[in-house]
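Asks: Below are the sequence and a predicted model for it; my questions follow.
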Amino acid sequence: MRTSDTRRPPVAYRQFPTALRFSVRDQTRNRLAGLLLVLFVPTWYLVMDALAGGEVLEFKLFATGDVLRVDGGRLTLITAGLNCVTMIAGFVVFDAVRKALAFDRRLVFAGYGQATLIGAKTLAVVVVATAIALYTALAVLFFWRPSAGGWCAVLAGFTVIALTYGALGLLLGVVVKRDLEGFFLIIMGGLMDTFLQNPLGNPLANEPALQWFPSFGPMQFAAGGAFGGTALWGHLALGLLWAAAFSAVGLAVFWIRTRSRNRAR
Amino acid sequence: MPPGTVLAPPALEARDLHKSYGTHQVLRGVDLTVAPGRLVAVVGENGAGKSTLLKSLAGVLAADRGEVILHGTLGHCPQEPILNGSLTVEQHLRYFAAAQRLPGPERGLELVRRLGFERYLRTVTGELSGGTRQKLNLTLALLHDPDVLLLDEPYQGFDWETYLRFWELAEELRSRGKAIVVITHLVFEQERFDLLADLVDGRLVTRTTTATSTEEAHRADV
């Protein structure tokens, strides 16, 4: 479309803080996700803790090649926490992004800067994912008291996987057409991804194939910190790379789907 | 035309718009010119392509061929209200005021009062009735006082009083030189419009609102 209009009143309402506030509000009004945080997270810890028991498991740290002999119950609490975070962060962001896509497009047509909206949405995902990870890491303390450094490693691992699945939720939110497809992909993806990292009854654990899954880096970092006293920053960065890749693709699709379609000929 | 009169440029021009969905040709060369201060109704049967035409004019949908030229700012009211169910009416006004870079939500609040739904300002839109959602849908399109208005079935779901308030508002906008295109599948009060444009076989056929004769044309100028 061609337009002769060049008038623009001064910016009084700043776009970025407005979009950030409303995006965070949008992602935190999901009552089911709130219920999952309050009820599902402790229940899942309780169930997994009871199922795993105190059996000693071998867990391989790929960065050092060391094989740690760890308490299976505690290791399973980490994978249970990772699993909760993948599901809740993915679900919250997917639901909010998918429902608001047409609305966001209308905002862009009304004059919102696409980059501004994308920046605000991304920051909102970071805020919400970090809050979910913090809650889940705090809840684990009812079942297990690691050292301060170990808990920080678990928190960092949870935060990175929350960002990764938040970004996956964003990507699915702009790509998938129906709720069910998105929920299925997030739940099954998260379940498989985190389950495979745990050597408890899993023949694939400690195998190199695990490196190709998103929760590999966060799991290595969390377990390395909690049981091995090491900080495997490279593995944490690997998790962030997954988050960056998912969000880059998701935001590119968002950009395409919210732009003006008219071409003057 | 008196000598020395300067002809104002049209507010909206569409030339030779084509749009197909697969093999189904919906628009087959639509021409439309709307001058400032004119009110045009686009009518047609269900499935004639009215909403496709309006979306193409608004830039929401890519036309396969053709050109749309807009002089001034645009307001588009889609047929289905596009709102965020988790935000209140007031938050919508603030969000779109930010989008339009307006100094504040005052214009929106005035429109809310005029359309009579100020009691819902703090209600999330997911809990509103269809009619009230439509009022907000319209308000968002008018928020920045645009020069060209594209309204797709703007009064569907309105009660009679709101319908009359809508027309008061439309008359005021027209008197201030705004160009308005209204899509409707039923025209109850033809005299309210300057021109009726029938979308038939993918082209616009103009019909004057005071005469009964139909002018077969592929070009609708008003």
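Replies: Structure's in. What do you need? None of the values given here were measured: they were computed from a predicted structure. Numbers count the residues shown, from 1 in each chain, chains lettered A, B, ... in the order given.
Asks: which residues sit in contact with residue B:35?
Replies: For residue B:35, the contacting residues are B:8, B:10-11, B:179, B:222, taking CB atoms under 8 Å, 6 or more residues apart in numbering or on different chains as the criterion. Every C-beta, even on glycine, is put in place using the N, C-alpha and C of the backbone.
Asks: Just those residues: which are in strands?
Replies: residue B:179 (DSSP state E).
Asks: From the contacts of residue B:35, pick the one nearest chain A.
Replies: residue B:11 (10.0 Å; CB to the nearest CB).
Asks: The closest one: how many residues sit nearby?
Replies: Burial measure for residue B:11: 25 neighbouring residues, criterion other CB atoms under 10 Å in any protein chain shown.
Asks: Which residue is the nearest non-sequential neighbour of it?
Replies: Beyond its immediate neighbours in the sequence, the residue positioned closest to residue B:11 (CB to CB, 6 or more residues apart in numbering or on different chains) is residue B:179, lying 3.5 Å away.
Asks: secondary structure class for residue 93?
Replies: Looking at chain A here, since you left the chain open. At residue A:93, secondary structure determined by DSSP: H, G, I helix; E, B strand; the rest coil is helix.
Asks: actually it's chain B I care about, not the one you picked
Replies: Secondary structure for residue B:93, judged by three-state DSSP, is helix.
Asks: OK, contacts around the spatially closest residue to it that is not a sequence neighbour?
Replies: Across the structure, with CB to CB, 6+ apart as the measure, the residue nearest residue B:93 apart from its sequence neighbours is residue B:108 (3.6 Å). For residue B:108, the set of contacting residues under the criterion of CB under 8 Å, 6+ apart consists of B:93, B:96-97, B:139-140, B:143.
Asks: and which of the residues you listed is nearest residue A:38?
Replies: For those, the minimum distance to residue A:38 (CB to CB) is 33.0 Å, reached by residue B:93.
Asks: quick one: pLDDT of that closest one?
Replies: Confidence per residue is given as pLDDT, and for residue B:93 that number is 96.
Asks: same deal with residue A:65?
Replies: Among the per-residue scores, residue A:65 shows a pLDDT of 82.
Asks: The one 3 residues further on now?
Replies: pLDDT, the model's per-residue confidence, is 86 for residue A:68.
Asks: Could you give the secondary structure assignment for it?
Replies: Secondary structure, three-state DSSP: residue A:68 is strand.
Asks: Let me see the ranges of the helices in the chain.
Replies: You didn't say which chain, so I picked chain A. Taking DSSP state H, the helices of chain A run over residues A:15-28, A:31-35, A:41-52, A:72-109, A:114-139, A:148-175, A:179-196, A:216-227, A:233-258.
Asks: Chain B, not that one
Replies: Assigned helices in chain B, in chain order: B:50-58, B:89-99, B:106-114, B:130-142, B:160-175 (criterion: DSSP H).
Asks: Any chance of a markdown table for these, columns distance to residue A:48?
Replies: A markdown table is the format used below for these (distance: least, CB to CB, whole Å):
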| stretch | distance to residue A:48 |
| --- | --- |
| helix B:50-58 | 51 |
| helix B:89-99 | 40 |
| helix B:106-114 | 50 |
| helix B:130-142 | 44 |
| helix B:160-175 | 56 |
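Asks: now for those, which one comes closest to residue A:51?
Replies: Comparing the helices of chain B against residue A:51 with CB to CB, the closest turns out to be helix B:89-99 (44.8 Å).
Asks: Could I get the helices of chain A in TSV, plus columns for distance to chain B and mean neighbour count?
Replies: Compiled in TSV, those are given as follows (distance: least, CB to the nearest CB, whole Å; neighbours: other CB atoms under 10 Å in any protein chain shown):
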stretch	distance to chain B	mean neighbour count
helix A:15-28	4	20
helix A:31-35	10	13
helix A:41-52	23	16
helix A:72-109	5	25
helix A:114-139	9	21
helix A:148-175	14	25
helix A:179-196	14	17
helix A:216-227	30	27
helix A:233-258	11	18
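Asks: In TSV, list the ones you listed along with mean pLDDT.
Replies: As requested, the helices of chain A are exported to TSV (pLDDT from 0 to 100):
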stretch	mean pLDDT
helix A:15-28	92
helix A:31-35	88
helix A:41-52	90
helix A:72-109	93
helix A:114-139	94
helix A:148-175	96
helix A:179-196	92
helix A:216-227	92
helix A:233-258	94
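Asks: Save those as a markdown table, and put in distance to residue A:206 too.
Replies: Below are the helices of chain A laid out as a markdown table (distance: least, CB to CB, whole Å):
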| stretch | distance to residue A:206 |
| --- | --- |
| helix A:15-28 | 36 |
| helix A:31-35 | 33 |
| helix A:41-52 | 17 |
| helix A:72-109 | 12 |
| helix A:114-139 | 24 |
| helix A:148-175 | 17 |
| helix A:179-196 | 10 |
| helix A:216-227 | 11 |
| helix A:233-258 | 15 |
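Asks: ranking the contacts of residue B:108 by neighbours, who comes first?
Replies: Of all those, residue B:140 has the most neighbours under the rule other CB under 10 Å, reaching 27 neighbours.
Asks: Quick check: the two most widely separated of the contacts of residue B:108?
Replies: B:97 and B:139 (11.3 Å).
Asks: what's residue 129 in contact with, if anything?
Replies: In the absence of a named chain, this looks at chain A. Residue A:129 sits next to A:89, A:93, A:159, A:162-163, A:165-166 when contact means CB under 8 Å, 6+ apart.
Asks: try again with chain B
Replies: If you count contacts by CB under 8 Å, 6+ apart, residue B:129 has them with residue B:157.
Asks: coming back round to it: can I assume the residue nearest to residue B:11 is in contact with residue B:8?
Replies: No: using CB atoms under 8 Å, residue B:179 is not in contact with residue B:8, being 10.4 Å away.
Asks: Pull up the overlap in contacts between the two.
Replies: Common neighbours of residue B:179 and residue B:8, using CB under 8 Å, 6+ apart, are B:35-36.
Asks: So if I had to pick from these two, which one is more boxed in?
Replies: More crowded of residue B:179 and residue B:8, by other CB under 10 Å: residue B:179, with 27 against 11.
Asks: Run through the bridge partners of the more buried one.
Replies: With DSSP bridges applied, the residues forming beta bridges to residue B:179 are residue B:148.
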